[in-house]
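S.K.: Could you look at this predicted model? Sequence included:
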Amino acid sequence: MRDGAGRVTIAAGVGLGLMTVLAPVGLVTLTAGASVAVAAGMDRIAFDIPARPLDEALAAFGRQAGVQVSGAAEVVAGRRGGAVQGQFSVDEALGRLLAGTGIGWITEADGTVTLLPAPASDGSSTVLDPLTVTGSRRAPETATGPVQGYLATRTATATKTDAAILETPLSVQVVPRDVIEDQGSLNLKDVYENVSGVQQAGNTLNAQSEVLPMIRGFESPGLLRNGLRATSTGAVDLVNVERVEVLKGPASILYGALEPGGVVNVVTKRPQAEAAYVLEQQLGTDELFRTSVDLTGPVTIDRDLLYRLNAAYTDAGSFRDEMEVDRYAVAPSLLWLPDDDTELLVDLAVVHEEQPYDTGIPLGTDGRPLVDPSTFFGDPDLDGRTIDDYTAAYQLTHRLDDTWTLRNQLQFHRADAKNEALRPRGVVDDPAGSLLRFRYQNEDRREDEIQFVLDATAAFQTGTVDHEVLLGAELIRQDTDFRRYRANAPNVPISNNPQVDYQPPSDQPVDRIQGKTEWAGFYLQDQVSLLDDGRLKLLLGGRYDVVHQENESDGVAAPDVDDGAFTGRAGLLYRLTPQYSVYASVTQSFLPQTPGTLDQSGSPIDPEEGLQYEVGAKAAFFDEQLLATVSVFQIEKENVAVFDNAFYNATGGSAYLADVRERSRGIEFDLTGQLTDGLKVVANYAFTETETLSNPDDPSAVGQPLGGVPRHKARLWMSYDFQEGDRAGGLDLDGWGLGGGVRYTGTSTAQFDPSIELDDYIVTDAALWYAWGGGRVGLNLYNLFDEAYIVRASDRSIAHPGQPFAVLGSLTLRF
């Protein structure tokens, strides 16, 4: 029956196995032949329901479960039910059937199940009328919402739709909020440890703004924020992060110009209908002090306008001398729900960060540190690094009818970065003692970017074939203004542990580099379900981009660059059983060269192009509480530009060569989820083999691995929340939890000097917490055995030592 809140009810009962559609009153009714207690939801029943329109799927569910289904047709119209095949309880079957529809349910004591509808079929959630049910409310997972536990089963990054990870022929991993909190992660580089083949890129130590990842051996030029691009100099604070998604392999089909290794999408928290107020205080080693708040709830009585406010302040020292980070982040958002078919999300984010510019420590020719890891090299009295990052965005989603949904996104992003520092430029070996060569730099960089995206999705059938089609257009304008002054500074003996008292020149003539990039992309994608049971999934897509770039240095314009490129993607997945699937895919990428990258004739060099082949398998265990993915891939990238040293030596002029080809191939494994009640796991391993295939400027580089890429990398993290009834020595352990794990990184080389080899290392972490209804107190221990190691190095003069033993305590209060 339909109540005043517009709900659909499923009631236990006895019927005739007949579905009747009552079009005049808009009702769909099913009665089936066997009595069942839906509230109990424990008896396992054999289900065989292929993916199909939700009204048909619910009718099949009613027949096979022996329940009566009744309700308003418009609640389920335009939605598709997921496949349910195998032995499940009624509750488990409902979970599978409704996954990704935006519809949840409540099981009441009398055996009645109430469906809670939400409008958008593309996975965006909506907020429903309030209803309090003790212990039985279910919140369906969506690709943009929170995840209960460690396992996310849906993703928006892979296809720009709300897609089941188990049915997507791509390698995609999601790190939910619970993992971030249990591990005590304070920045993105820690989050990356939870995904195989991913690590922090960049060559500046301890700069939380250096959030760019290296994926499958290739450094990404930027991040995504809620599916939209973020400039490379920007900053991210985890206070408003709901989940971090990693799509491996080329993603140009959806997101345009990118490296072929993959892309990271930071999904932020959305306003919620239920009021909640969270205050967290953290204290840690090296005088770390961090306060954060998370406030959300309705603005209006009818809950058609919701808000969220996230804010954090961090003041922290470091195991590195002279280092101190001062940082604040504020992120308000509003969600307006004018009707059942429309939602408008508006969000802002501001991040400010100040810290000294830290370039680490020098290494010997054997890759070992020449000084204590805490040693600061440079002048601490210089201004260091200041970053101001601003984002303003909206997302408007509207369901036109049962087939079509429109989504429009607009984002403005500004990143200001100022750096004044002494930067090491190399090690000079001398019998009397090695010297560190310095260069003074004073830089001011601004990046402005505005992005407009319009997507249309359609779910329909052609005969027995199901389609989910995505049509999209993207327009981007980016302006950069870079002012810099650079001057050589005196060499300093490394043995002095130099904190240099450097006097910058009073006259600093500035080089000014200005750039403008405009591009448009148009894409089409179809997710096709084949065979009667929908177990064969075909993913096809293509995109065409047009890019225009302008650049001038000190008023002298470089030749404009106009590029156009088509990129495609094809994938095929076959579900051997409801729990096991195999897949294969081929994907392409492209990335335009920066303006001024010219060959000897003065002509712009063609864009970089990437091509990946991948095969893999996915498996779900323990009623889909645990998900495993194994993949084998090969990526080749060509048209990589390198400086033409021979031309420079002969003529003194600047030119580039574009005949460099690089390859990355490997095997990756990820395991995430819940093993038993309370026992959760994150495990991953990556074997990555990289190689330079050709390099006309440096033939000796051919056959050498790419710098900074470990051949082996792995992590195991497990946690356990003690359950009701767990006791130890008469002590009730309910509410307590503990976690721990190890991280292994194999040998690698310095990024720009392959002769410098970095040792492998193992780091052990642990955590302990106690949670109750109103809060949580926790303790995280990092690098328990105080392992000394080098995380990453650019060359001998810039190496990044790892964090020694550290402690973080946290107190979280929920109101």
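M.R.: Yep, it's here. Remember, it's a predicted structure, so these values are computed and weren't measured experimentally.
S.K.: CA atoms for contacts and neighbours, from now on please.
M.R.: Will do.
S.K.: the strands in the stretch 501-650 of the chain, which residues?
M.R.: Per DSSP state E, counting those that start in this stretch, the stretch 501-650 of the chain carries strands over the ranges 511-530, 536-553, 556-557, 561-575, 580-591, 608-621, 626-643.
S.K.: As JSON lines, the ones you listed with mean neighbour count, mean pLDDT and distance to Leu166 would be great.
M.R.: JSON lines is the format used below for these (neighbours: other Cα atoms under 10 Å; pLDDT from 0 to 100; distance: least, Cα to Cα, whole Å):
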{"stretch": "strand 511-530", "mean neighbour count": "20", "mean pLDDT": "95", "distance to Leu166": "14"}
{"stretch": "strand 536-553", "mean neighbour count": "19", "mean pLDDT": "95", "distance to Leu166": "11"}
{"stretch": "strand 556-557", "mean neighbour count": "12", "mean pLDDT": "86", "distance to Leu166": "50"}
{"stretch": "strand 561-575", "mean neighbour count": "20", "mean pLDDT": "95", "distance to Leu166": "9"}
{"stretch": "strand 580-591", "mean neighbour count": "23", "mean pLDDT": "96", "distance to Leu166": "7"}
{"stretch": "strand 608-621", "mean neighbour count": "21", "mean pLDDT": "97", "distance to Leu166": "6"}
{"stretch": "strand 626-643", "mean neighbour count": "21", "mean pLDDT": "95", "distance to Leu166": "8"}
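S.K.: Looking at those strands, spot the one closest to Glu193.
M.R.: strand 626-643 (16.2 Å; Cα to Cα).
S.K.: thinking Tyr313 is in contact with Leu288, fair?
M.R.: No. Between Tyr313 and Leu288 there is no contact under Cα atoms under 8 Å: 10.7 Å.
S.K.: Provide the backbone phi and psi angles at Gln183.
M.R.: Main-chain dihedrals, Gln183, degrees, to the nearest 10: phi -80, psi -10.
S.K.: go on, Pro699?
M.R.: phi -60, psi -20.
S.K.: residues in contact with it?
M.R.: Pro699 makes no contacts at all, as judged by Cα atoms under 8 Å, 6 or more residues apart in numbering.
S.K.: confidence score at it?
M.R.: For Pro699, the pLDDT comes out at 87.
S.K.: same check, this time on Asp389
M.R.: The model reports Asp389 with a pLDDT of 93.
S.K.: so what's the residue nearest to it when sequence neighbours are not counted scoring on pLDDT?
M.R.: What sits nearest to Asp389 in space, not counting adjacent residues and going by Cα to Cα, 6 or more residues apart in numbering, is Ala415, at 4.5 Å. We have a pLDDT of 92 for Ala415.
S.K.: next one: Glu245
M.R.: pLDDT, Glu245: 97.
S.K.: For the helix or strand harbouring it, C-alpha coordinates in CSV please.
M.R.: Using DSSP states H and E, Glu245 maps to strand 241-248. Backbone C-alpha positions of strand 241-248 (Å, rounded to 0.1, in the frame of the first residue of the first chain) are rendered in CSV as follows:
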residue,chain,number,x,y,z
VAL,A,241,36.6,13.6,2.0
GLU,A,242,34.1,10.8,2.0
ARG,A,243,36.0,8.3,-0.2
VAL,A,244,39.0,8.2,-2.5
GLU,A,245,38.6,6.3,-5.8
VAL,A,246,41.4,5.2,-8.0
LEU,A,247,40.7,4.2,-11.6
LYS,A,248,43.8,2.4,-13.1
